[in-house]
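Chemist: show me how the following folds:
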Amino acid sequence: MSKLLYDLGINAPLQKTLNDLEITFATDIQQQVIPIILHQKEDIVALAKTGTGKTAAFGLPLLQLVDTKKDFLQTLILAPTRELAQQIYANLVDFAKQLPEVSIVLISGGAPIKTQVEALISTTHVIVATPGRFLDLLEKNALDVKSLENLVLDEADEMFQALKEDLMPILKALPKERRSLLFSATMPGELKEIVHNYMSKNVISIHSDTAIVGNTTIDHQYMVVEPIEKLDVLLHFLNSQEGGRGIIFCKTKAAVNKLAKNLAMRKISSGALHGSLSQGIRDRIMEQFRNGFIDILVATDLVARGIDVKELAYVVNYHLPDTHEAYVHRSGRTGRAGAKGLSMTIIQQEEEAEIADFEKALGIQFKTVSKANAADLEWNNTLVWAKKVFKTKPNREVPEDVKHQIKTIFHHLTKEELVDKVLANYLAENK
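Modeler: Just a heads-up that it's a prediction; the model follows:
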């Protein structure tokens, strides 16, 4: 049975903010974690999929535990990507609106390091950071961590996979008496080793009961295609999802750029997101996506970790991910907060055997979907072309006398006749 967050021991100032944010009921992970953080001292290892309310699970009680009479850093929250760090920071700032004396600072790449150093001169109670930038400041002696009380590692599986070289020096520099809270969607072998070496023997393990919710809210599908028709199949799928927003995942930055270019050529509303883009560009694209100015993101796995956008209709795995963990994070972008979602995977024949491995490892079931036939794909491409023409802005550089001559050629045609001729010309050129 769902519990109210108030029943878990959340204090009055935080409760007022939650009421203002219209957050009332606790998720499974929040019900399990919040009382432990508030009333016990043990380390925690919590396994929970994305979209289950992990930020509030650790953020609310840790904000409540901040002692504003102390002028030192009390809580450090590490996240693998700038986007995720920014998202956590924004959530904590929202939660702490009734706690004006609590100081929260964001430290991540993409922003001037001088500005962040200056922000740390004043009393800082909570830091949200990416490992790389935090380590930079630690090595510059811009941080004092000797009295740190709480360490949170969010999306820990991804962090140890991609950022281990930055993370290990940080762990060694932090006081041993701290409390560590590790949140992860999966528990690969390397992460178990870290738990053994860097967390207390009395660590509390929590497994959030999200399997039923995940299986009922996300529809996992796949279709088998020939390499030459992959883009056409994707375009047909996107047309079937018109009006909905989604994310298309690719394995590499080069693949993201190539696909985004193909969509842009067809004037399909989309934006590319990968680690080689500057933070300013990534922020601008995310703002456009969140505000509905673009409908589709084409992204790599790592940068997508911080994408928390409500009401995503679908995700597309344009390339099958390398790991089961990556699929969990990809599919978890849709079907959030109990909403229905679709995870569509487009694969080639030789990859089909891998689907069974994903089903077994993740406890999910994929539905096979037949691809559109050649005729449907061709007609869909015609519709894509028509929409492209519709969205094309007039060329103001065409001389007026040329425009007049062209209009003279077409002036005796009705609208229907003109459409028929233009369409026939398109089809003849694209046989």
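
Chemist: what ranges does this protein have for its strands?
Modeler: Per DSSP state E, the chain carries strands over the ranges 44-47, 75-78, 104-107, 126-129, 150-153, 179-184, 204-207, 218-224, 246-249, 270-273, 296-299, 314-317, 341-347, 367-368.

Chemist: low-confidence stretches in the stretch 301-431 of the chain?
Modeler: For the stretch 301-431 of the chain, the stretches with pLDDT under 70 are 302-308, 310, 336-339, 431.

Chemist: mind redoing it with 80?
Modeler: Flagging of the stretch 301-431 of the chain using pLDDT under 80 yields the residue ranges 302-311, 323-326, 329, 335-339, 395-396, 431.

Chemist: ok, now the stretch 151-300 of the chain?
Modeler: Residue ranges of the stretch 151-300 of the chain with pLDDT under 80: 158-164, 185-198, 200-201, 208-217, 275, 279.

Chemist: would you map the helices across it?
Modeler: Along the stretch 151-300 of the chain, counting by DSSP state H, counting those that start in this stretch, helices occupy 156-162, 164-173, 189-198, 211-217, 230-240, 253-265, 279-290.

Chemist: so residue 27 touches residue 55, yeah?
Modeler: No: using Cβ atoms under 8 Å, residue 27 is not in contact with residue 55; the gap is 10.8 Å. C-beta here means a position set from N, CA and C on the backbone, and glycine is covered the same way.

Chemist: let's have the helices of the stretch 151-300 of the chain in JSON lines, adding mean neighbour count and distance to residue 369.
Modeler: Output for the helices of the stretch 151-300 of the chain, formatted as JSON lines (neighbours: other Cβ atoms under 10 Å; distance: least, Cβ to Cβ, whole Å):
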{"stretch": "helix 156-162", "mean neighbour count": "22", "distance to residue 369": "29"}
{"stretch": "helix 164-173", "mean neighbour count": "15", "distance to residue 369": "38"}
{"stretch": "helix 189-198", "mean neighbour count": "13", "distance to residue 369": "34"}
{"stretch": "helix 211-217", "mean neighbour count": "15", "distance to residue 369": "17"}
{"stretch": "helix 230-240", "mean neighbour count": "19", "distance to residue 369": "9"}
{"stretch": "helix 253-265", "mean neighbour count": "17", "distance to residue 369": "20"}
{"stretch": "helix 279-290", "mean neighbour count": "16", "distance to residue 369": "26"}
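
Chemist: for residue 399, which of those is the nearest?
Modeler: For those, the distance to residue 399 is smallest for helix 253-265, at 26.5 Å, taking Cβ to Cβ.

Chemist: tell me what the closest one is packed against?
Modeler: Helices and strands touching helix 253-265, as assessed by 3 or more Cβ pairs under 8 Å, 6 or more residues apart in numbering; DSSP states H and E, comprise strand 270-273, strand 296-299.

Chemist: chain center to that helix: distance?
Modeler: Mean-position distance between helix 253-265 and its chain equals 19 Å (Cα atoms, centre = their mean, to the nearest Å).

Chemist: stretch 420-431 too?
Modeler: 41 Å.

Chemist: returning to that earlier point: which of the helices and strands packed on helix 253-265 sits closest to residue 421?
Modeler: strand 270-273 (30.9 Å).

Chemist: tell me the buried residues in that closest one?
Modeler: For strand 270-273, the neighbour count (16 or more other Cβ atoms under 10 Å) marks 270-273 as buried.
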